[in-house]
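In: need a 3D model of the sequence below.
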Amino acid sequence: MAELEFEKRKIKELQRQCLHHNIFPIFLNHCLDGEPPAVYSILKPLLEEAREQLLILDNVELKNVINSLPSGLRMYLLPIHKPITEEYLRRVAEYCIAAEVQKGYSPISSVLDQEVGSEVLAKCPELERRFDDDGLLILNEDFTLLDGGIKYEEYFLHYHQFLRRGFASNPNFDFTGKLARYRQETGDKNSFRVAIDHRRIMKFEDYRSFVEMDTWFGPDFNPEKLDDPNYVGLTVVGRSYRTLLDSYPLIKTEFLWKTNEGEAIKTLEIEEISDPEKPYDKWQINRYVHSERDMSHQIFQHLDGAAKVYPSNTYKERLDENMPNNIKPAHYIKLFRIDGQIEINDWISLISMFYKGNEMVVEYFDPKLYKEKIEPRRKLMWEN
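Out: Numbers count the residues shown, from 1 in each chain. Have a look, this model is predicted:
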């Protein structure tokens, strides 16, 4: 057995609900807390079915299943943990389902196929008369443009797939956000029309849940699992409240833990992502940290910091990809390096101080401190 077996009907419905709720296959595990319910109700029983199939496999068969996964998913499961634990099998089950959903998640062919029915018009048939001859939605006071889509009564309409980064992922917020603000500023004298994705529609209340989830995705920081070779993966923390007092104009920070098979070294990479609308003299400057932990001796043996410098005119390529698939910078300027034995408290303190002005690093390493001390102050400044 190289792949698990799933009912095509169930996978197709999960693909459909993921599309409606803008849940990318790799982040399906975020829905296991129950939100959004339409995704969770399909995902939960599928996860149990996958787990039951994995329980009867021997080690060779399990390895074949893992090796059959796309490399972008397989990397989160390597090296294979031995002895095999219940938690590890659950993660394998999650990524097997993600692989199945990914196969037909949002094909370009369904965007171009004129015969594909409209989920939007099925829910809101009254909108049929609101499209022009080019298929653009004619906007009036019934519609509210947002960065990620359009609010219409109790529903949230998604922007067309070709208005998404790489024609597949999240909307091109640089454009859609500016379009929304421009309409708000000039809607009394300008008329606006925009293309939507007829395959996607969800309740507006689910959009709020999605926005909250989107500010943080990936595994949290757990010091008790620093020496677990399987506790790896990408975490992205978004800046929740931007203020005029921010010394660094940032939109998010990426944290990537990874290991190499057969080695006792776990690596952490951190890169903050600067705001593309606020370059430094035609350059985007992202602070970057690289660190190595010797799991066998339970100590950090290396820490270095650098600045990654990208040309503003090609920075979109960096925004379109997260680590480890991101493009290389035009300049890589090393700023410091420490080798030896670094205790965890000193390690966290050094990283946090290097990233002074980036509260997302504190949010990642100490979410309690962030929630109690930093977030309320930032929210107050943001509201005022």
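
In: roughly how far apart are the residue nearest to the spatial centre of the chain and Lys252?
Out: Most central in the chain under C-alpha atoms, centre = their mean is Phe217, positioned 5.6 Å from the mean C-alpha point. Per C-beta to C-beta, to the nearest Å, Phe217 is found 10 Å from Lys252. Placement of C-beta: from N, CA and C, glycine included.

In: hey, what's in contact with both of these two?
Out: Contact criterion C-beta atoms under 8 Å, 6 or more residues apart in numbering; residues shared by Phe217 and Lys252: Val236.

In: still on that earlier bit, test my guess that the residue nearest to the centre of the chain contacts Gly233.
Out: No - between Phe217 and Gly233 there is no contact under C-beta atoms under 8 Å: 10.1 Å.

In: can you pull the contacts of Leu14?
Out: Shown in contact with Leu14 (C-beta under 8 Å, 6+ apart): Val39, Ile42, Leu43, Leu46, Ile97, Val101.

In: helices - which of these land there?
Out: Mapping the contacts of Leu14 onto helices (DSSP state H) picks out Val39, Ile42, Leu43, Leu46, Ile97, Val101.

In: and the helices in the stretch 201-350 of the chain, which stretches?
Out: Counting by DSSP state H, counting those that start in this stretch, the stretch 201-350 of the chain has helices at residues 204-214, 316-319, 344-354.

In: please identify the deepest-packed of those helices.
Out: Comparing those on average neighbours per residue, with mean count of other C-beta atoms under 10 Å, the densest one is helix 316-319 at a mean of 18.

In: quick one: mean pLDDT for that one?
Out: Averaged over helix 316-319, pLDDT sits at 88.

In: I'd like to know how far Trp52 sits from Asn230.
Out: Heads up, residue 52 is Glu, not Trp. Glu52 is 21 Å from Asn230, where distance means C-beta to C-beta.

In: do Pro25 as well
Out: For Pro25, the distance to Asn230 equals 20 Å [C-beta to C-beta].

In: give the buried residues for stretch 106-120.
Out: For stretch 106-120, the neighbour count (16 or more other C-beta atoms under 10 Å) marks Ser106, Ser118, Glu119, Val120 as buried.

In: verify the stated contact: the third one with Arg199.
Out: Yes - counting by C-beta under 8 Å, Glu119 sits close enough to Arg199 to count as a contact (5.6 Å).

In: hmm, back to that, looking at the helices of the stretch 201-350 of the chain, which is closest to Arg9?
Out: Smallest distance to Arg9 across the helices of the stretch 201-350 of the chain (C-beta to C-beta): 23.0 Å, for helix 204-214.

In: quick one, strands of this structure?
Out: Secondary structure of the chain (DSSP state E): strands at 137-138, 143-145, 149-152, 155-159, 193-194, 196-203, 216-217, 233-238, 250-259, 265-274, 283-294, 299-311, 331-342.

In: where does the prediction get shaky in this protein?
Out: The chain contains residues with pLDDT under 70 at 1, 114-115, 169, 208-214, 383-384.

In: please parse it into its domains.
Out: Structural domains assigned to the chain are 8-103, 116-204, 216-383, following automatic domain parsing.

In: identify whichever of these lies nearest to Ser110.
Out: The nearest among the domains of the chain, by C-beta to C-beta, is domain 116-204 at 5.5 Å.

In: end-to-end on that closest one?
Out: 24 Å (C-alpha to C-alpha, to the nearest Å).

In: next one: stretch 237-250
Out: Terminal-residue distance, stretch 237-250 (C-alpha to C-alpha): 11 Å.

In: what residues sit buried inside that stretch?
Out: Val237, Gly238, Arg239, Ser240, Tyr241, Asp246, Tyr248, Pro249, Leu250.

In: which of those residues sits closest to Gly357?
Out: Nearest to Gly357 among the buried residues of stretch 237-250, with distances taken as C-beta to C-beta, is Tyr248, at 4.6 Å.

In: which ones are touching the closest residue to that closest one other than its chain neighbours?
Out: Distances taken as C-beta to C-beta, 6 or more residues apart in numbering place Gly357 nearest to Tyr248, at 4.6 Å, with adjacent residues excluded. When contacts are counted by C-beta under 8 Å, 6+ apart, Gly357 is found next to Asp246, Ser247, Tyr248.

In: dihedrals phi and psi, Gly357?
Out: Taking degrees, to the nearest 10, you get phi 90, psi 0 for the backbone angles of Gly357.

In: next up, the contacts around Leu137.
Out: Going by C-beta under 8 Å, 6+ apart, Leu137 touches Leu127, Arg130, Phe131, Phe143, Ile150, Leu157, Arg193, Val194, Ala195, Ile196.

In: out of those, which end up buried?
Out: Buried members of these, scored by 16+ other C-beta under 10 Å, are Leu127, Arg130, Phe131, Phe143, Ile150, Leu157, Val194, Ile196.

In: hmm, back to that, now distance to Ser110 too, for the domains of the chain, in CSV please.
Out: CSV is the format used below for the domains of the chain (distance: least, C-beta to C-beta, whole Å):
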stretch, distance to Ser110
domain 8-103, 9
domain 116-204, 5
domain 216-383, 21
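
In: between the ones you listed, which gets nearest to Ala2?
Out: Nearest of the domains of the chain (C-beta to C-beta): domain 8-103, 4.5 Å.

In: show the end-to-end separation of the closest one, please.
Out: One end of domain 8-103 to the other measures 12 Å (C-alpha to C-alpha).

In: gap between that domain and the chain center?
Out: Centroid separation between domain 8-103 and its chain, computed with C-alpha atoms, centre = their mean, to the nearest Å, is 17 Å.

In: quick thing: my sequence starts at 35, can you match it?
Out: All right, first residue 35 from here; so that's domain 42-137.

In: alright, that wraps it up for me.
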